[in-house]
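# Following is a predicted model, sequence given first.
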Amino acid sequence: MSKELAINDEIRDKEIRVLSETGEQLGIMTSRDAQLMANEKNLDLVKISPNANPPVCKLMDYGKYKYEQSRKEKESKKKQKVVTVKEVRLRPGIEENDINTKANNAIKFLKKGDKVKVELRFRGRELGHKDLGKQVMLKFIDLVKEFGEPTKAPAFEGNNMVVMIDPKK
């Protein structure tokens, strides 16, 4: 359905198929006759299916209908879970306390339900010692394994070793 539906006098079609407020068919009639019928019942004539042949219109309380739609929309937004990706950056020569601090931050993120992207940066001569970086990354994964698990093994993206860690359910 489109966001804005044609209602009452906005309906310009010669003939339309009309449905009652309960959904039963009232038949095909001119838009003027249908509008008169809607006015008698204190309802709006709303074009719900403009592409049909002839277009389908329904007798309904349009204000109430819009209110119900907005309620449904709000309800569906409440049920959505937004997953954010937090990033933690490491270096191959990181010290023990520093890696523990970074791991604790990552654990906080994982407890909240966020994904964590761990990026280990290599600069200059560090690229010659990728094995040291791999050890640091595996140690970090081991520190957070209770709260999250990597989606796949650490992989290189340019000069960085990257791994995504998803929270455990």
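That came through, no problem.

# what's the domain layout of this structure?
Per the TED database, the domain ranges recorded for the chain read 8-77, 85-167.

# looking only at pLDDT, what's the mean for the shortest one?
When the per-residue pLDDT values of domain 8-77 are averaged, the result is 88.

# Is there a neighbour count for residue 123? I'd like the number.
Other residues near residue 123 come to 9 when the count uses other Cβ atoms under 10 Å. Yep, even glycine has a C-beta here, placed from its N, CA and C like the rest.

# should've said residue 151
10.

# so it makes contact with residue 166?
Yes: using Cβ atoms under 8 Å, residue 151 is in contact with residue 166, at 5.7 Å.

# now the strands for this protein?
For the chain, applying DSSP state E gives strands covering 15-19, 25-30, 44-49, 56-60, 85-90, 115-121, 148-150, 155-157, 160-167.

# Adding mean neighbour count and distance to residue 75 as columns, could you present those strands in a markdown table?
Compiled in a markdown table, the strands of the chain are given as follows (neighbours: other Cβ atoms under 10 Å; distance: least, Cβ to Cβ, whole Å):
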| stretch | mean neighbour count | distance to residue 75 |
| --- | --- | --- |
| strand 15-19 | 20 | 26 |
| strand 25-30 | 13 | 30 |
| strand 44-49 | 20 | 21 |
| strand 56-60 | 22 | 20 |
| strand 85-90 | 15 | 27 |
| strand 115-121 | 20 | 26 |
| strand 148-150 | 17 | 30 |
| strand 155-157 | 10 | 40 |
| strand 160-167 | 18 | 25 |
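
# So which of the ones you listed is nearest residue 109?
For residue 109, the closest of those is strand 85-90, at 4.3 Å, according to Cβ to Cβ.

# ok, back up a step: how about the strands of the chain in a markdown table, adding distance to residue 96?
As requested, the strands of the chain are exported to a markdown table (distance: least, Cβ to Cβ, whole Å):
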| stretch | distance to residue 96 |
| --- | --- |
| strand 15-19 | 72 |
| strand 25-30 | 76 |
| strand 44-49 | 66 |
| strand 56-60 | 68 |
| strand 85-90 | 13 |
| strand 115-121 | 16 |
| strand 148-150 | 21 |
| strand 155-157 | 25 |
| strand 160-167 | 19 |
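
# With residue 100 as the reference, name the closest of those.
strand 85-90 (11.8 Å).
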